[in-house]
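>>> I would like the atomic coordinates for the input below:
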Amino acid sequence: MLLIGNNKLRNVIKITVPFAVIPAIAILGALAFDEKKHIIISLAAAVFSLLLFAAGFEKKSTGTRRLVIAAVMTAMCFAGRFIPFLKPVAALTIITALYLGGEAGFLVGALSAVLSNFYFGQGPWTAFQMLAWGLIGFLAGIFSEKLLKSRILLLLYGALTGIAYSFIMDIWTVLWYNQGFDIKLYLAALVSAVPYTVSYAVSNVLFLFLLAKPFGEKLGRIKIKYGV
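Numbering: from 1, shown residues only. So this is what the prediction gives:
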């Protein structure tokens, strides 16, 4: 397991990877790469997601244990995408981040997208899905203290991030359709995607309501038992 020992370097990685590097990779993939090379973009985003994860811990043993748990949560997200209509991916990503940290949340969200799309179909949209689910997890880790104290706030976060997921994916829609960003097309895409946006928000709220407590109890015990 890669260990990043410099605190300043870790902090730089934590800021630049989720908010600059991976967004740039996703946009570059949509504008500069044809669809036959989309897997290169997705794999690049996955590598930087792993780098971000590695920046989130100081001890090798702790990071390895977190990686095992993150792998299990990623597998559950993968399986969850087979559920029709409402998907638990974002909710499981959020729950992961609450107990393992935002870096683990980003990794689970990003890998869930790229791995499950080997079945559902890879494309330039994959990097945007990785970015969207990854950011949902990363920000959940940042606000974990407040989200864990209030179930209402957690459900509200789920609803808002469901909307945010749709907003991010509609950026991809406009870039793919127009080969550049156009605010009018973007607004039109947002309007046309309202049914999907509602389903994302409802899905997040539903699965957080059902899964946050039982999964949280198990992850909390694991966190204490293994010093994660």
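>>> buried stuff in the strand or helix carrying residue 13?
Element membership for residue 13 (DSSP states H and E) is helix 7-16. Using 16 or more other Cβ atoms under 10 Å as the test for burial, helix 7-16 gives 10, 13-14. (C-beta placed from N, C-alpha, C; glycine too.)
>>> Would you tell me what the next helix or strand after that helix is?
Remark: after helix 7-16, the chain's next helix or strand is helix 22-32, criterion DSSP H and E.
>>> Show me what that following helix packs onto, helices and strands only.
The contact analysis (3 or more Cβ pairs under 8 Å, 6 or more residues apart in numbering; DSSP states H and E) places helix 22-32 against helix 38-54, helix 125-142, helix 151-178.
>>> I'd like those laid out as CSV, including distance to residue 218 and mean pLDDT.
Listed next are the helices and strands packed on helix 22-32 as CSV, based on distance: least, Cβ to Cβ, whole Å; pLDDT from 0 to 100:
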stretch, distance to residue 218, mean pLDDT
helix 38-54, 21, 93
helix 125-142, 17, 97
helix 151-178, 17, 95
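>>> Pick the most deeply packed of these.
Across the helices and strands packed on helix 22-32, averaging neighbours per residue (mean count of other Cβ atoms under 10 Å) puts helix 125-142 on top, at a mean of 26.
>>> Report all helices and strands that it contacts.
If contacts are counted by 3+ Cβ pairs under 8 Å, 6+ apart, helix 125-142 sits against helix 22-32, helix 38-54, helix 89-100, helix 102-120, helix 151-178.
>>> Residue ranges in this protein under the pLDDT threshold?
Low-confidence segments of the chain (pLDDT under 70): 1-5, 34-35, 58-63.
>>> tell me what the longest helix belonging to it is packed against?
Criterion DSSP state H: the longest helix present in the chain is helix 194-226. With contacts defined as 3+ Cβ pairs under 8 Å, 6+ apart, the packing partners of helix 194-226 are helix 60-80, helix 89-100, helix 151-178.
>>> okay, those helices in CSV with distance to residue 196 next?
Below are the helices and strands packed on helix 194-226 laid out as CSV (distance: least, Cβ to Cβ, whole Å):
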stretch, distance to residue 196
helix 60-80, 17
helix 89-100, 13
helix 151-178, 6
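>>> Where does the most far-flung residue of the chain relative to its centre fall, secondary structure wise?
In the chain, the residue that sits farthest from the middle, by Cα atoms, centre = their mean, is residue 184; the gap is 27.2 Å. According to DSSP H and E, residue 184 maps onto helix 183-192.
>>> What are the contacting residues of that helix?
166-167, 170-171, 173-174, 177-178, 197 (Cβ atoms under 8 Å, 6 or more residues apart in numbering).
>>> about what we covered before: output the contacting helices and strands for the helix holding residue 13.
With contacts taken as 3+ Cβ pairs under 8 Å, 6+ apart, helix 7-16 sits against helix 38-54.
>>> who touches the helix it packs on?
1-4, 13-14, 17-18, 21-22, 25-26, 28-29, 33, 63, 66-67, 70, 103-104, 106-107, 110-111, 114, 117, 122-124, 126-127, 130-131, 134, 138.
>>> one more time with 7 Å
Applying Cβ atoms under 7 Å, 6 or more residues apart in numbering, the contact partners of helix 38-54 are 2-4, 13-14, 17-18, 21-22, 25-26, 29, 33, 63, 103-104, 106-107, 110-111, 114, 122-124, 126-127, 130, 134.
>>> Next, the angle from it to helix 89-100.
30 degrees (axes from the mean of the first three to the mean of the last three Cα atoms, to 10 degrees).
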